[in-house]
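Novice: A predicted structure for the sequence below; I have some questions about it.
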Amino acid sequence: MRTPLVAGNWKMNKTSTETKIFMEQFVKLLKGQEKSEILICPPYTSLYIVNDFKHNTKIKLGAQDVHWEEEGAFTGKISCNMLIDSGCEYVIIGHSEQRTYFNETDETVNKKLKKALEKNLIPIVCVGETLEQRDANQHKEVVKNQIIQGFKDITDIKSTVIAYEPVWAIGTGRNATPEQAQEMQSFIREIIQQLYGKEIAEQIRILYGGSLKPENAKEIFSQPDIDGGLVGGASLKPESFYQIILAAE
Ligand code: PEP
């Protein structure tokens, strides 16, 4: 039985003051009986605030990226140890915005994934095709390559999570249909089975991400290979994020 995970990726949104306001409202909505794991991945400057609010709740804390080096002269970067020290249990790796705007490649995904696993941070590895690749019917090949290269030389994936996020659905308001998402999620599970065996493939959580909203979440989450969601825009408002969490139960 896979516990659903609903993760909010705030991207470059919310100052520390705005984070406090969100958290005050959000914790009031929680009943403490939610069956899903709830994860918030705020900007680095708000990690400590979410961390302060998460005590005595089911909220977990994650970061949106990490560097693969232990420490040193890497201006602007953040290490696994720093994230763990700030209360993080999760880290997003290989988000399509990192791939598109900041030169993330399958090779850097691989380095970050290895480091996160070494440090026992739970990675959420993002994969997904562009619209051009889907239109050219290359979506399966692209995602398969991202997984094979991203997971290269990794024998123990521990509790790694994968997020299937079609690039054409991120921030566009256009979500994949439940059938499109399910087809890709079960394909990803098959690849994991080929790489790591049936037991791991059955355990690994595969999230869907791309324009999830309270209105579409239930139908998408009802698919057998969808174990929750990575939520961008709709995670910025306490009520809409909470509705999506409820849709995963
Ligand atoms: C994301 O940032 O991973 C994402 C899925 O964004 P949105 O929900 O806004 O499409």
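Specialist: That came through, no problem.
Novice: How much space separates whichever residue of the chain sits closest to the ligand from C80?
Specialist: In the chain, the residue that lies nearest the ligand is G232 (2.2 Å; C-beta to the nearest ligand atom). For the C-beta atoms, the positions are set from N, CA and C on the backbone; glycine is no exception. G232 sits 23 Å away from C80, going by C-beta to C-beta, to the nearest Å.
Novice: and V6, what element?
Specialist: Element membership for V6 (DSSP states H and E) is strand 5-9.
Novice: Are that strand and the ligand in contact anywhere?
Specialist: Yes - with C-beta under 6 Å from any ligand atom as the measure, strand 5-9 is seen reaching the ligand through N9.
Novice: Other residues contacting that strand?
Specialist: 36-41, 62, 64, 90, 92, 95, 124, 161, 163, 205, 207, 209, 227-232, 235-236, 241, 244-245, 248 (C-beta atoms under 8 Å, 6 or more residues apart in numbering).
Novice: so of those, which ones are in strands?
Specialist: Helix and strand membership here follows DSSP state E; of those, those in strands are 37-41, 62, 90, 92, 124, 161, 163, 205, 207, 209, 228-231.
Novice: Next to the ligand in this structure, residues from this protein, please.
Specialist: Counting by C-beta under 6 Å from any ligand atom, the residues of the chain that sit close to the ligand are 9, 11, 165, 170-171, 209-212, 230-234.
Novice: List buried members of these by neighbour count.
Specialist: Neighbour-count burial (16 or more other C-beta atoms under 10 Å) is assigned, among these, to 9, 11, 165, 170, 209-212, 230-234.
Novice: May I see those residues organised as JSON lines, with pLDDT added?
Specialist: Output for those, formatted as JSON lines (pLDDT from 0 to 100):
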{"residue": "N9", "pLDDT": "98"}
{"residue": "K11", "pLDDT": "98"}
{"residue": "E165", "pLDDT": "97"}
{"residue": "I170", "pLDDT": "92"}
{"residue": "G209", "pLDDT": "97"}
{"residue": "G210", "pLDDT": "96"}
{"residue": "S211", "pLDDT": "93"}
{"residue": "L212", "pLDDT": "97"}
{"residue": "L230", "pLDDT": "98"}
{"residue": "V231", "pLDDT": "98"}
{"residue": "G232", "pLDDT": "98"}
{"residue": "G233", "pLDDT": "97"}
{"residue": "A234", "pLDDT": "98"}
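Novice: show me where the chain has helices.
Specialist: Taking DSSP state H to define them, one finds helices in the chain at 16-29, 47-54, 80-85, 96-101, 106-118, 131-135, 139-150, 178-196, 198-203, 214-221, 238-247.
Novice: Redo those as JSON lines? Include mean pLDDT.
Specialist: Formatted as JSON lines, the helices of the chain follow (pLDDT from 0 to 100):
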{"stretch": "helix 16-29", "mean pLDDT": "98"}
{"stretch": "helix 47-54", "mean pLDDT": "97"}
{"stretch": "helix 80-85", "mean pLDDT": "98"}
{"stretch": "helix 96-101", "mean pLDDT": "97"}
{"stretch": "helix 106-118", "mean pLDDT": "98"}
{"stretch": "helix 131-135", "mean pLDDT": "94"}
{"stretch": "helix 139-150", "mean pLDDT": "98"}
{"stretch": "helix 178-196", "mean pLDDT": "97"}
{"stretch": "helix 198-203", "mean pLDDT": "97"}
{"stretch": "helix 214-221", "mean pLDDT": "97"}
{"stretch": "helix 238-247", "mean pLDDT": "97"}
